[in-house]
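**Q** kindly generate the corresponding structure for this input.
(2 chains)
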Number of protein chains: 2
Amino acid sequence: MSTYKAPVNDLRFALHDVLKAESLFAAMGLEDASTDVIDAVLEEAARFSASVLAPLNAIGDQTGCTLDKATGEVTTAPGFKEAYAQFIEGGWTGLTASPEFGGQGMPGTLGMALSEMVSSANLAWSLFPMLSHGAVEALKHYGEDWQKEAFLKPLVAGHWTGTMCLTEPHAGTDLGLIKTRAEPNADGSYAITGTKIFITAGEHDLSENIVHLVLAKLPDAPPGPKGISLFVTPKFKVDRNGAMGERNTLRCGSLEHKMGIHGSSTCVMNFDGAQGYLVGAPHKGLMAMFVMMNSARLGVGVQGLAQSERAYQGALAYARERLQSRAPKGAQLADKPADPIIAQPDVRRMLLTTKALTEGGRLLAAHAYTQLDTAQHAADPQARADAETLVSFLTPIVKACLTEWSIEATYNGQQVFGGHGYIAEHGMEQFARDARITTLYEGTTGIQALDLIGRKTAASQGAGLKLFAAEIEQFIADNANNPAVAEFLPVLGAKTREWGKLTVNVLQRAASNPEELGAASWDYLFYSGYVALAYWWARAAAAAQASSQPEAFKQAKLETARFYYARVLPRTLTHAASMESGADPLMAMDSLRFGD
Amino acid sequence: MSTYKAPVNDLRFALHDVLKAESLFAAMGLEDASTDVIDAVLEEAARFSASVLAPLNAIGDQTGCTLDKATGEVTTAPGFKEAYAQFIEGGWTGLTASPEFGGQGMPGTLGMALSEMVSSANLAWSLFPMLSHGAVEALKHYGEDWQKEAFLKPLVAGHWTGTMCLTEPHAGTDLGLIKTRAEPNADGSYAITGTKIFITAGEHDLSENIVHLVLAKLPDAPPGPKGISLFVTPKFKVDRNGAMGERNTLRCGSLEHKMGIHGSSTCVMNFDGAQGYLVGAPHKGLMAMFVMMNSARLGVGVQGLAQSERAYQGALAYARERLQSRAPKGAQLADKPADPIIAQPDVRRMLLTTKALTEGGRLLAAHAYTQLDTAQHAADPQARADAETLVSFLTPIVKACLTEWSIEATYNGQQVFGGHGYIAEHGMEQFARDARITTLYEGTTGIQALDLIGRKTAASQGAGLKLFAAEIEQFIADNANNPAVAEFLPVLGAKTREWGKLTVNVLQRAASNPEELGAASWDYLFYSGYVALAYWWARAAAAAQASSQPEAFKQAKLETARFYYARVLPRTLTHAASMESGADPLMAMDSLRFGD
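**A** As a prediction, this is how the structure comes out:
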């Protein structure tokens, strides 16, 4: 069974050495987030994750959740409830929430570090508190005053948890198709009726109440996505004074049998005239949903990162201890029957690929979170607007790339173990099954790719890319005479310019054929992700050199950067060639000809 | 729940239109394998697989196997035993076996078609009969006459099944490390003592006896792989007259808990002085094992192909029926609330990638099997030797690429389903879990890559590649004026020449640094696989055009070939660049610097 040790030092490197967190946060008025406070939070989150949550990961997988069909109540795996009590006791649910509602007002970037550790330790468990975050965001931005008052404090304190009730059996990506309806009640509330599926943490025994944010249609709703409204619909009714009352007429109808995250309750939720309150304006629910979803999408990217880190730790430990065959240049441990498999070049390829994608992905995600913090807190309106544009652009990249890389990382983890990677007792196969959800929920990778090339690029004439490319060019200019990165900058510059050129090309093709966007989207997404990572690896190499980290750490960053440029970045060659081939190879075949 | 329809027409296309099976087999004296006979076998295997085996696939996954700890007996999932009885009743276990031992003497290439269908329908079930094949091969080549007489007929008839007992907890890839020992008995047999793990079909209730082929060390064995001997060690003792006697002192100690193939019993086998007979010469067991393994490796490649096909069928059906969003160019089904998702370019990308890898992979594998048949049956010794060289070269490509592509195909299958792809009831997640074993057992992908670049290339000065490249060049020359493939030939020729150049480059680097082989191996493997598939897609396009297939079929092959060249073959760009970067980026980092 694999153990977990939180990568506190690499998180410190990301926050302090690369992103200069203390001064960054101070500049936006978050002086409380000093280096000392950050380090204390990291250490304590690391301890909690490793000692409380990680030991429950396999138990959750084996036991899963249990639904009592008679009552509709769900029991979580042994230890989950107690761990959650400790979690809220420690104040973790409010780490980044506004002090106005009982939170600690720490930057979202620090919240990301917490999320990574919690998700690494126990992805299934992490979903219970995580979904509250989206509910908080939606209510904070769109809720009436009494709704904020009634719901936000218990959500922030963790006594209540939240859900996002979007999907229906026939409506996933295309939420305009939902059928759940909301009929006005005499008291100003609404009666919500319909069935929602895939509701993470829809029912469980960790919290006193569960606050469902539900998409539904009012009687006069126009068809399609412009007819969707958002309702707050708690498990136990809540009155306008915030008092919890009787059980609402909603319940969990069944639990899904899933490939992984067995410890998480994925519910079919039946709403049978349940009392809900409108959040925001009628028919404007989709906008509020996007607020919840964008924050959730970055969060899912971090879940991917977390599984990659976990798989890396397991694979590295095994590669160092497993004695099998001899090193190519001859015996390394002559007194042993064989050498550790980390001596094998191809085992190193798997480990280093994961290491490069994980540590680089950590910087990519942390940078996106700093933009989220800037967009929320910076004094300068232009800085806020730019940060908003940039994080919107980066969100699909973080979500899709970090989750896809987690598929690769957990895959590599199993391969390093050989046949043992397929066996439950080593834990590696659970990471692969658990990670597998991250490329599916909160919008599949294909949906992220369309979001990136469509809404985040074509619709804004590439505003996000321009900001990001300018940041890269600035870094190149600033480091023109820095020997630590001289070997990387020419390639980084060329790839960044090619990124712009490929963007222009696809937008030009799309002007006459709307299929070109979708046809290029997947390759464009990954091309973008790999160039973004090239930037972060160059910055990591520079920051390591300039830091007070030990020599071995600096050397490891430099060597990983070199590996990345030599062995991973060439993937851009394939993505560029593939997207430049245009839509015809994809669209020519009539759907009847795909098969019988 | 996904259904299965065997791809009989595409198998017929592969065998008749592309490989010209009837005349090919006739030329090697296998006149019984006429077109009519082949077609009858395909139809009947298709019927059996779809109607008997496919319905047991989910049941096997949910029920798994059960070990009675008191007796060491294993009970398989409901229906498995009855299906096996029908299978041997139908004579399927002897399809390709020699008539001398009760087989039907059909070509191995036809056996591959059977294997594909059986594995598609139910991978876990397919492993019970499959392992017998390797036992038969080892005994046929290395067994004493009485051993052949005693064991081969019941194995071929399927009343007994076989296993390969290689792996031990500390010895997987490096079999030289095994500890199982064989002590001579007075009667000329041996007492086998030790523990073997990951023994597929090591214990079950389908057959009357189970014939274990066990690697063990004689008392005077030299250390390492040169001290390994092979023993036939049945569950029930068998005397020199073939009579089955008392229970042997071996038993299943436990069943592994695995990510997938739950319906297959993966056993820890404990041998406690069990009676075994030496097969072949003392200390020469590894050679016999390679005979079993090479046949098994091609077979595992076909298992990968089979899972890809299955995932494709499920994803295609869903993509055609799932209505969600509108086609990029506007509504296709204006009277419906949305269009089928197959209208979306990125869904097509996933489907076509799987289609191209699967149908192309089918040709790649079938061609390798024709070489196996040629090596066994051709009259001309040079033809036999060349075929042997070629199939040795192709085996790691077929094993590794087809299984890795099955990871991608089953991944794509889940993505097409969105969140539903993660839920057990649709069946897609089982295919992904089941397929996941194929890149691990019978040598991981990394081991195949080393085999290809080392034993199959460097050690023979590229003899296999030369034969294969000559075949491609011949095809190009023969089709110089064929408009059906004019668009493909220049690229195919260039890639084939580059393949040779990259091979020379890596062998030159390896001359001074043995780490270069391992460092290039993985990229070299996939580069090889993608160029090989480019050849097969060009041949498919040519063969389709020249065939009497319907126009829609010809058009689909042409469009898939175009898709392959535009969207998949560019992966060679990455693999070439990556391997050309050499060993340094992999080997520079000290193992201490990989992490804490």
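
**Q** do you know how far A:Ala534 is from A:Val491?
**A** 7 Å (CB to CB, to the nearest Å). For glycine as for every other residue, the C-beta is placed from the backbone atoms N, C-alpha and C.

**Q** of those two, which one has the most company?
**A** A:Ala534 (23 against 14; other CB atoms under 10 Å in any protein chain shown).

**Q** what residues are up against the closest residue to A:Asn513 other than its chain neighbours?
**A** Sequence neighbours aside, A:Ala583 is the residue nearest to A:Asn513 in space, at 6.1 Å (criterion: CB to CB, 6 or more residues apart in numbering or on different chains). Counting by CB atoms under 8 Å, 6 or more residues apart in numbering or on different chains, A:Ala583 makes contact with A:509, A:513, A:515-516, A:518-520, B:345.

**Q** and the residues you listed, which are buried?
**A** Using 16 or more other CB atoms under 10 Å in any protein chain shown as the burial test, the contacts of A:Ala583 include A:509, A:515-516, A:518-520, B:345 as buried.

**Q** with pLDDT, distance to B:Pro7 and secondary structure as extra columns, can I get those residues in a markdown table?
**A** Below are those laid out as a markdown table (pLDDT from 0 to 100; distance: CB to CB, whole Å; DSSP: H, G, I helix; E, B strand; the rest coil):
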| residue | pLDDT | distance to B:Pro7 | secondary structure |
| --- | --- | --- | --- |
| A:Arg509 | 98 | 35 | helix |
| A:Glu515 | 98 | 29 | helix |
| A:Glu516 | 98 | 32 | helix |
| A:Gly518 | 98 | 28 | helix |
| A:Ala519 | 98 | 27 | helix |
| A:Ala520 | 98 | 31 | helix |
| B:Pro345 | 98 | 25 | helix |
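
**Q** and of these, the nearest to A:Ala385?
**A** Within those, proximity to A:Ala385 (CB to CB) peaks at A:Ala520, which comes in at 27.6 Å.

**Q** export the buried ones among the contacts of A:Ala583 to JSON lines and tack on distance to B:Ile453?
**A** Conversion of these to JSON lines gives the following (distance: CB to CB, whole Å):
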{"residue": "A:Arg509", "distance to B:Ile453": "39"}
{"residue": "A:Glu515", "distance to B:Ile453": "41"}
{"residue": "A:Glu516", "distance to B:Ile453": "39"}
{"residue": "A:Gly518", "distance to B:Ile453": "38"}
{"residue": "A:Ala519", "distance to B:Ile453": "35"}
{"residue": "A:Ala520", "distance to B:Ile453": "34"}
{"residue": "B:Pro345", "distance to B:Ile453": "37"}
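
**Q** roughly how far is whichever strand or helix holds A:Leu155 from the heart of the chain?
**A** Using DSSP states H and E, A:Leu155 falls within helix A:153-157. Relative to its chain's centre, helix A:153-157 lies at 22 Å (CA atoms, centre = their mean, to the nearest Å).

**Q** ok, the longest strand along chain A: who's next to it in the sheet?
**A** As assigned by DSSP state E, the longest strand anywhere in chain A is strand A:266-279. Paired neighbours of strand A:266-279 in the sheet (DSSP bridges): strand A:190-200 (antiparallel), strand A:229-234 (antiparallel), strand A:250-255 (antiparallel).

**Q** stretch A:11-24 close to chain B?
**A** No - residues of stretch A:11-24 are not located near chain B by CB under 8 Å from any CB of the partner chain, the shortest gap being 12.7 Å.

**Q** which other residues reach that stretch?
**A** A:33-35, A:38-39, A:42, A:107, A:109-110, A:113, A:116, A:362-363, A:366-367, A:370, A:539-540, A:543-544, A:546-547, A:549, A:553, A:557.

**Q** what mean pLDDT does it get?
**A** In this model, stretch A:11-24 carries a mean pLDDT of 98.

**Q** how about the residues of the stretch 351-500 of chain A that lie near chain B?
**A** Near chain B, when you scan the stretch 351-500 of chain A using CB under 8 Å from any CB, you find A:351-352, A:355, A:407, A:411, A:414-415, A:418-425, A:429, A:432-433, A:436-437, A:439-441, A:444-446, A:449-450.

**Q** which of those residues count as buried?
**A** The buried subset of these (16+ other CB under 10 Å) comprises A:351-352, A:355, A:407, A:411, A:414-415, A:418-424, A:429, A:432-433, A:436-437, A:439-441, A:444-446, A:449-450.

**Q** so of the residues you listed, which ones are in strands?
**A** Those of these lying in strands (DSSP E): none at all.

**Q** distance of the residue in the stretch 51-200 of chain A that chain B sits nearest to from A:Ala469?
**A** With CB to the nearest CB, the shortest gap between the stretch 51-200 of chain A and chain B falls at A:Asp174, namely 4.4 Å. A:Asp174 is 33 Å from A:Ala469, where distance means CB to CB.

**Q** and for A:Pro381, the neighbour number?
**A** Using other CB under 10 Å: A:Pro381 sits among 8 other residues.

**Q** re the thing from before, need the overlap of contacts for A:Ala534 and A:Val491.
**A** Joint contacts of A:Ala534 and A:Val491 (CB under 8 Å, 6+ apart) are A:565, A:569.

**Q** show me the contacts for the residue in the stretch 1-150 of chain A that chain B sits nearest to.
**A** Proximity of the stretch 1-150 of chain A to chain B (CB to the nearest CB) peaks at A:Lys5, 6.2 Å away. Contacts here follow CB under 8 Å, 6+ apart; on that basis A:Lys5 touches A:46, A:50, A:313, B:596.

**Q** that one looks like it's in a helix, true?
**A** No - judged by DSSP: H, G, I helix; E, B strand; the rest coil, A:Lys5 forms no part of a helix; its state is coil.
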